[in-house]
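J.: what's the 3D shape of this:
(one chain, ligands or ions: 1)
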Amino acid sequence: MNWLSDPALAPIAQKVESGQRLNFEEGMQLFRTRDLNTLMRLANLRKTALHGDKVYFVHSMRLEFTNICYVGCTFCAFAAHKNEARAWDYTPEEVVAQVGRRYLPGITELHMSSGHHPNHKWEYYPAMVRALRESYPDLQVKAFTAAEIEHLSRISKKPTLDVLRELQAAGLSAMPGGGAEIFADRVRKQVAKNKVKAEKWLQIHSEAHSLGMRTNATMLYGHIETLEERLDHMHRLRELQDDSMARHGGGFHAFIPLAFQPLGNTLAQNLGKTEYTTGLDDLRNLAVARIYLDNFPHIKGYWVMIGSELTQVSLDWGVSDIDGTIQEEHIAHAAGATSPMKLSEQGMIRMIQHAGRLPVLRDAYYNELETFPAQHEAAD
Ligand code: SF4
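T.: Numbering: from 1, shown residues only. Model prediction:
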């Protein structure tokens with residue numbers, strides 16, 4: 001049976017089926033088509049060619065060591081002024097104590113991204129990483145977005161490459177993908193005008209890749225960006241990934257679309273926006289990413305932003321990774337995320353199994369730690 005209902009997708013389907021790369025206009029066709037069934041099937045085809053039925057997750061912990069920040073991104077509801085009652089700021093010793101408070105056996109990844117604190121000296125950051133690795137030598141520390149690395153470069157007066165080198169020597173394992181937002185200047189000026197520029201964000205990730213560090217890449221969507229600007233964002237990431245793979249043998253692990261959350265931030269207030277992204281927009285975005293970003297190992301369905309139910313559905317739309325158990329998340333929840341603060345390992349396994357997929361517990365480097373059997377919902 002031929003499922004294709006949009007004739008414009010016929011040449012694209014042929015390309016995807018034979019493993020060829022799509023050009024920009026073809027990527028836009030995927031964003032515009034109403035033939036969602038074919039879009040889903042093509043994304044699933046690409047995902048299955050890479051990973052079969054496997055879906056990855058990590059036993060992880062999130063920690064934000066401070067919410068004090070001077071940058072003023074308009075979409076952010078997390079940042080606080082240091083005099084506000086809701087502000088917090090941990091010393092390296094308190095960071096270790098906070099990890100101890102939430103630590104559970106089996107956690108392998110600590111994910112930290114935080115505000116750009118106006119007063120901390122450079123020495124605070126490697127000291128924190130070192131203290132963590134001394135107390136928890138088996139914990140892989142994935143920390144500091146490219147925006148934070150640029151901030152550290154400014155306060156230390158060191159080139160970003162040296163900042164990365166010194167943090168790596170202190171025990172930093174990998175970098176998260178935050179701070180990317182949307183690369184297009186038009187949007188960036190309105191949502192993150194004081195933050196790292198797009199070119200610098202890409203340069204910092206390229207430098208991390210040159211040190212053998214693996215990183216992720218995000219995209220904040222569902223606010224003022226156009227579909228062309230979403231695809232332009234993906235296109236720039238695809239180009240950098242080509243370069244990193246050719247020169248350094250690898251680069252990004254995963255692309256993570258982040259759905260805009262509409263509460264408590266000035267961008268939503270200025271736009272009069274109260275709605276969350278729709279389920280089909282979330283799924284379409286993930287599917288286009290899976291097809292267009294043919295050199296990215298994983299597309300991540302981030303359950304914190306889109307909820308665990310839609311994340312489960314996204315496993316048919318090109319998603320091969322559903323992030324982790326997290327323990328406590330504050331950034332998206334400050335802006336209105338309605339998902340729980342954490343998921344149990346058992347809950348993640350069940351979510352994947354009931355989608356008929358194979359749950360694979362991974363670490364921050366995507367080493368496979370344990371595989372669980374698939375189990376269809378109907379078999380329960
Ligand atoms: S998104 Fe990050 S850099 Fe921007 S204001 Fe919020 S905490 Fe600061």
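
J.: The closest residue to Ala184 other than its chain neighbours in helix, strand or coil?
T.: Excluding the flanking residues, the one nearest Ala184 by Cβ to Cβ, 6 or more residues apart in numbering is Glu229, at 4.2 Å. (C-beta placed from N, C-alpha, C; glycine too.) Here Glu229 takes the helix state, with states given by DSSP: H, G, I helix; E, B strand; the rest coil.

J.: which residues of the stretch 101-250 of the chain fall in strands?
T.: 109-112, 140-143, 172-175, 214-221 (DSSP state E, counting those that start in this stretch).

J.: Next up, the contacts around the closest residue to the ligand within the stretch 101-250 of the chain.
T.: Of all residues in the stretch 101-250 of the chain, Gly115 sits closest to the ligand, at 4.1 Å by Cβ to the nearest ligand atom. Contacts for Gly115 (Cβ atoms under 8 Å, 6 or more residues apart in numbering) come out as 64, 66-69, 71, 78-80.

J.: need those in CSV with pLDDT, neighbour count and distance to the ligand, can you?
T.: Shown next, in CSV, are those (pLDDT from 0 to 100; neighbours: other Cβ atoms under 10 Å; distance: Cβ to the nearest ligand atom, whole Å):
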residue, pLDDT, neighbour count, distance to the ligand
Glu64, 94, 19, 9
Thr66, 96, 19, 9
Asn67, 96, 22, 7
Ile68, 97, 21, 9
Cys69, 97, 21, 3
Val71, 96, 17, 4
Phe78, 93, 21, 5
Ala79, 95, 21, 4
Ala80, 95, 18, 9
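
J.: beta partners of Glu368?
T.: For Glu368, the beta-bridge partners are Arg362 (DSSP bridges).

J.: That one touches Thr108, doesn't it?
T.: No: the criterion here is Cβ atoms under 8 Å, and Glu368 misses it with Thr108 at 11.9 Å.

J.: More neighbours: the two, which one.
T.: Using other Cβ atoms under 10 Å as the criterion, Glu368 and Thr108 rank with Thr108 on top: 20 against 11.

J.: So the more buried one sits against Asp138, correct?
T.: Yes: Thr108 lies in contact with Asp138 (Cβ under 8 Å); the separation is 7.1 Å.

J.: follow-up on the earlier one: show me the contacts for the nearest residue to the residue of the stretch 101-250 of the chain closest to the ligand once chain neighbours are set aside.
T.: In space, Gly115 comes closest to Cys69 once its chain neighbours are excluded; the distance is 2.9 Å by Cβ to Cβ, 6+ apart. By Cβ under 8 Å, 6+ apart, the residues touching Cys69 are 76, 78-80, 114-117.
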